[in-house]
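Visitor: Turn this into a structure:
(one chain, ligands or ions: 1)
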Amino acid sequence: MSAEKPDIVAFLEDLFARRGAEDYLGEPVSMASHMLQAAMFAEREGASPELIAAALLHDVGHFANEIPPEVLARGEDNHHEEAGANFLADYFPPAVVEPIRQHVAAKRYLCAVQPDYFARLSPASVHTLKLQGGPMSADEVAEFERKPQLDACIRLRRWDEGGKDPALAPPDFAHFRPLLERLSGG
Ligand code: FE
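Guide: Numbers count the residues shown, from 1 in each chain. Below is the predicted model:
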């Protein structure tokens, strides 16, 4: 992607086409199907365009080697939520980017505040929860609840959790292209 005037939507469309068939972390769906399912749920619930885009793009940070090194250099740990958010922040508004940045924290939050939430995690998500620090502490919960995007973060997390169904046939990337073009000013 050129540094001068990158076409972010074309880049993302190409990314979904080239890499989308890869496995989604041990889940029975591909990366593309997972993200498209999350976006489909967001759309069905009448979420804002920004939040539909967040659902669609929430895991692009898993493709770390597609993200320019200078963007990764901005990150502290470059876990996938941070890498993806820092990359997308150059093109999309905070209402798209911040729920993506918080989507792992939202899982840790929900596991702390909702006793039944942990039981609904897939085995792969239970495994990554451990690596991500486990459920939030009471202090972390209190801090997370002060975030203005709290509701958006929780909604995205639920779509993320739901988008692991191999029987679902979500719309393809092209369905969401106009929405991404509007949001990125492209
Ligand atoms: Fe995800």
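Visitor: Go ahead and flag the most central residue of the protein.
Guide: What sits nearest the mean C-alpha location of the chain, by C-alpha atoms, centre = their mean, is His58, with 1.5 Å.
Visitor: And that one, how far from Ala119?
Guide: His58 sits 22 Å away from Ala119, going by C-beta to C-beta, to the nearest Å. C-beta: built from backbone N, CA, C; applies to glycine.
Visitor: thinking again about what came up before, list the residues that contact the residue nearest to the centre of the chain.
Guide: Residues near His58 by C-beta atoms under 8 Å, 6 or more residues apart in numbering: 35, 38, 81, 84, 99-100, 103, 156, 160.
Visitor: Mind doing that once more with 7 Å?
Guide: By C-beta atoms under 7 Å, 6 or more residues apart in numbering, the residues touching His58 are 35, 38, 100, 103, 156, 160.
Visitor: Looking at those residues, spot the one nearest the ion.
Guide: Distances from the ion to the contacts of His58, taken as C-beta to the ion, are shortest for Asp160 (4.2 Å).
Visitor: pLDDT wise, what is the residue nearest to the centre of the chain at?
Guide: As predicted, His58 sits at a pLDDT of 98.
Visitor: could you check the distance from it over to Phe173?
Guide: To Phe173, His58 is 14 Å away according to C-beta to C-beta.
Visitor: that older thread, pop out the phi and psi values for the residue nearest to the centre of the chain.
Guide: Summarising the backbone geometry of His58 under the convention degrees, to the nearest 10, its torsions are phi -70, psi -20.
Visitor: One more: Asp165?
Guide: Dihedral angles phi and psi of Asp165 (degrees, to the nearest 10) take the values phi -110, psi 110.
Visitor: Pull the number of nearby residues for it.
Guide: Neighbours of Asp165 under the rule other C-beta atoms under 10 Å: 14.
Visitor: mind checking pLDDT for Glu76?
Guide: Checking the pLDDT column for Glu76, the value is 83.
Visitor: give me the number of residues near it?
Guide: Using other C-beta under 10 Å as the criterion, the residues surrounding Glu76 number 7.
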